[in-house]
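Peer 1: From the sequence below, what's the structure:
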Amino acid sequence: MLPFYRTKRKDLPQIMAHWLRAVDPVYWVLLFFGIVHLVGITDPPLEMAHSWRQSFTAMVTRNYVENGMDWLHPRIDMAGEKSGIVGAEFPLFNYLSMLLSRCFGYQHWYGRVVNLTVVLWGSYHFYQLLLNRFSKRVAFYSVVVLLSSSWFTFSRKIMPDTFSVSLVLVGMRYGFDYWRTGRWIHWLWAVVFIALGVLSKIPAMSLLAVIGMLLLVKTDNKRRLTGVILGTIIAVVPSIWWYFSWVPHLNATYGYHLYFPKGLLEGWREIKPLWRLLLEKFYFTSYYSFLALLMGVLGLWAIVHRRLKPVAMALAAITGVFALFILKTGAVFPQHTYYSIPFLPVMALLAGLGLDWITTAKAGSQTSWKYTWGGPLLLVLLVTEALANQIHDHFIKPSERYKAALETEIQCVIPFDAKVVFVSSASPQELFLLHRKGWCVYPEQMKSKKQCDDFRSHGAEFVVLNVPVTKAVQDLDFFKQAMGKATACYQSSHYQVYKLK
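Peer 2: Numbering: from 1, shown residues only. Coordinates of the predicted model:
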């Protein structure tokens with residue numbers, strides 16, 4: 001082929017076509033999902049789903065930007081009279097967002113950019129990881145299913161769930177590369193990324209159960225086997241210290257609890273009445289596609305039919321460990337969509353195996369539809385169904401846009417260092433947008449003068465009422481009487497602000 005600068009204009013289409021064919025399709029998939037996720041990426045966390053968790057994480061980041069990076073003491077704004085120090089995840093996610101803020105000035109949506117970047121990177125390594133054991137077609141199908149599952153919704157939210165799993169996938173890819181090549185640099189990267197991923201959110205540890213399957217593999221290279229097992233142990237130790245020693249210390253010292261882990265029996269008793277919700281997290285709100293669910297079931301059949309015993313054992317190990325996390329979480333798991341995220345790579349692989357089964361099945365007189373185009377066609381339909389069920393989350397409902405006034409009009413009314421009682425819900429969303437510290441309470445918690453006096457005695461100076469929410473509970477004059485001689489500072493159709501005397 002001639003150098004580009006010596007080619008003739010008529011040859012350019014052929015050269016471009018050659019380069020397009022030469023690029024691995026997975027790059028086009030990552031590019032497609034990256035572009036789609038840019039829609040509304042600068043929006044504040046006003047999505048109807050999981051704005052609580054996004055606002056919480058963004059609070060921690062903003063406090064690091066304003067007060068400096070104290071790795072051991074994450075701090076939030078919704079702790080009322082307390083210091084705000086909370087036992088949360090290891091703040092790697094917040095640190096990366098803070099670095100962008102140091103470079104370009106604080107913007108809450110940097111958290112979206114950090115999550116999306118790491119997720120796309122982790123998805124590519126998931127693809128490379130599967131190439132170590134499966135065909136290129138299975139790997140490609142699996143990564144596409146992963147990117148279109150609930151991974152699609154959460155890969156651009158300001159929360160560390162997909163972020164943590166992606167880092168673990170990167171580490172596992174390097175770990176299996178070390179198993180194949182024996183290169184110690186791969187071992188080092190595996191330890192670093194697995195450690196950072198599990199520290200960022202401990203349920204991602206469940207994927208590491210697959211490494212235990214190496215103990216069942218017959219090998220003459222005991223050094224590499226020892227290296228993989230030892231590296232995994234080293235990677236997990238920091239997260240054990242953080243979540244089982246340091247977080248309880250922060251909870252006991254500063255009095256604000258985020259996690260309430262359950263005993264296994266207690267968790268089972270809480271989940272049992274919610275078994276329908278639990279099942280729904282796996283048959284729909286993980287894949288967001290019934291076609292993907294069908295492919296996942298077919299993938300299980302393919303494992304049995306093809307007698308992929310190592311694969312079956314690895315998946316069973318991950319499932320068993322993840323089941324323990326479900327029990328430890330208790331009733332919270334069935335009620336939150338994103339708790340199933342660490343298990344999504346397993347479900348994506350099952351659907352990938354199912355699509356591959358259809359693609360490679362032998363065509364017969366009664367099954368002539370099973371040609372090589374069957375898998376790709378079903379994949380397109382699967383992605384279309386999954387994205388159609390989720391794309392609405394990229395847009396803010398008009399009914400929520402009034403909350404933008406908190407960042408403009410209402411901030412000017414309340415001094416920066418004033419403590420605020422925000423009467424709306426327990427979500428920190430509106431308090432985060434207001435950029436003040438204080439309490440997030442339900443209307444029922446401000447229905448008497450005694451309750452108002454309690455907040456005042458703990459340092460509250462202002463009360464902000466979400467008018468639509470409080471009106472749904474009681475007449476606004478009722479809340480005004482409970483606040484005594486409070487002075488009105490701001491009134492609109494959506495918010496009222498009072499200064500406590």
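Peer 1: tally of neighbours for residue 359?
Peer 2: 21 (other CB atoms under 10 Å). In short, each C-beta sits where N, CA and C put it, glycine included.
Peer 1: wait, doesn't it sit right on residue 135?
Peer 2: No - counting by CB atoms under 8 Å, residue 359 sits too far from residue 135 to count as a contact (9.9 Å).
Peer 1: so where is the stretch 351-500 of the chain shaky, pLDDT-wise?
Peer 2: Residues of the stretch 351-500 of the chain meeting the criterion pLDDT under 70: 361-372.
Peer 1: And the strands in it, which stretches?
Peer 2: 419-423, 437-441, 460-466, 487-491, 495-499 (DSSP state E, counting those that start in this stretch).
Peer 1: Where in the chain is the helix or strand with the lowest mean pLDDT?
Peer 2: The least trusted helix or strand in the chain, going by mean pLDDT, DSSP states H and E, turns out to be helix 12-22, with a mean of 56.
Peer 1: re earlier: what about the strands of the stretch 351-500 of the chain, which gets the closest to residue 24?
Peer 2: Closest approach to residue 24 among the strands of the stretch 351-500 of the chain (CB to CB): strand 437-441, 47.2 Å.
Peer 1: just to revisit the earlier point, between the strands of the stretch 351-500 of the chain, which one is closest to residue 85.
Peer 2: With CB to CB as the measure, strand 437-441 is the member of the strands of the stretch 351-500 of the chain nearest residue 85 (12.5 Å).
Peer 1: could you say what helices and strands the closest one packs with?
Peer 2: Strand 437-441 sits against strand 419-423, helix 429-434, strand 460-466, with contacts defined as 3 or more CB pairs under 8 Å, 6 or more residues apart in numbering; DSSP states H and E.
Peer 1: List the pairing partners of the last one within its sheet, with orientation.
Peer 2: Each strand pairing with strand 460-466, determined using DSSP bridges, is listed with its direction: strand 419-423 (parallel), strand 495-499 (antiparallel).
Peer 1: For residue 428, give me phi and psi.
Peer 2: In terms of degrees, to the nearest 10, the main-chain angles of residue 428 are phi -80, psi 10.
Peer 1: Which residue would you name as the spatial centre of the protein?
Peer 2: residue 161 (3.0 Å; CA atoms, centre = their mean).
Peer 1: Pull the contacting residues for that residue.
Peer 2: Applying CB atoms under 8 Å, 6 or more residues apart in numbering to residue 161 gives the contacts 154, 201, 338, 341-342.
Peer 1: Quick one, which of those residues has the minimum pLDDT?
Peer 2: Lowest in pLDDT among the contacts of residue 161 is residue 338, which has 90.
Peer 1: OK, contacts around it?
Peer 2: Here residue 338 is in contact with 50, 53, 150, 154, 159, 161 (CB under 8 Å, 6+ apart).
Peer 1: so how far is residue 143 from the closest residue to the last one other than its chain neighbours?
Peer 2: Going back to what we said before, that points to residue 161. Setting aside the residues directly before and after it, residue 161 is nearest to residue 341 in space (CB to CB, 6 or more residues apart in numbering), at 4.6 Å. Here the distance between residue 341 and residue 143 works out to 15 Å (CB to CB, to the nearest Å).
Peer 1: cool, residue 325 as well?
Peer 2: Distance of residue 325 to residue 143, given as CB to CB: 24 Å.
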